[in-house]
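> please find the sequence and the predicted model below.
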Amino acid sequence: MASSHFQWSVSKAFIPEVEAAFSPSTKHGADIRFHGVVRDEEDGKPLQGIDYSYYPAMVENCFEALGEKLAAEHPDHFAQIHHRIGYVPAGEASIIIRVQTKHSRAGFEISQAYLAEIKKSVPIWKEPIFA
């Protein structure tokens, strides 16, 4: 989904494929990208990967509200988020958060804000698959 300041998607698409489709920006000088990668261990146990699932209507509402909230708090930025669903093996990214701003400090802060809000309020569930 998209607005003038925020785009998000949830699908089985691999993060590198999604990232390769990002358009360059001439408006913003900072282009911050965060990749959330599945670790090979959780709670001291070897992890093979994580199976992600979600409820589409709930996720859509949450992402739209998140985009509006952060646009109001930080009006001069553009963000793109993709969360992968389905099975994601250890070592592969399950999420990318891209934030473009005029200056890097704001980009890092906004990226952290998106990640914190996603973890807190977006209903994407994970089921660890242990080795």
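Thanks, I have the structure now.

> name the spans of this protein whose pLDDT lies under the cut-off.
Within the chain, the stretches with pLDDT under 70 are 1-3.

> that one: strands as residue ranges?
6-11, 30-37, 41-42, 45-54, 77-84, 86-89, 93-101, 124-130 (DSSP state E).

> what inclination does the fifth one have with respect to strand 45-54?
Here strand 77-84 points in a direction 110 degrees away from that of strand 45-54 (axes from the mean of the first three to the mean of the last three C-alpha atoms, to 10 degrees).

> just send the strands of the chain back as TSV, with distance to E117 and mean neighbour count too.
(Glycine included, C-beta is placed from N, CA and C.) Output for the strands of the chain, formatted as TSV (distance: least, C-beta to C-beta, whole Å; neighbours: other C-beta atoms under 10 Å):
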stretch	distance to E117	mean neighbour count
strand 6-11	12	18
strand 30-37	13	16
strand 41-42	22	13
strand 45-54	16	15
strand 77-84	10	23
strand 86-89	21	16
strand 93-101	10	22
strand 124-130	12	14
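
> want to throw the ones you listed into JSON lines with distance to L115?
Below are the strands of the chain laid out as JSON lines (distance: least, C-beta to C-beta, whole Å):
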{"stretch": "strand 6-11", "distance to L115": "13"}
{"stretch": "strand 30-37", "distance to L115": "6"}
{"stretch": "strand 41-42", "distance to L115": "18"}
{"stretch": "strand 45-54", "distance to L115": "15"}
{"stretch": "strand 77-84", "distance to L115": "9"}
{"stretch": "strand 86-89", "distance to L115": "17"}
{"stretch": "strand 93-101", "distance to L115": "6"}
{"stretch": "strand 124-130", "distance to L115": "12"}
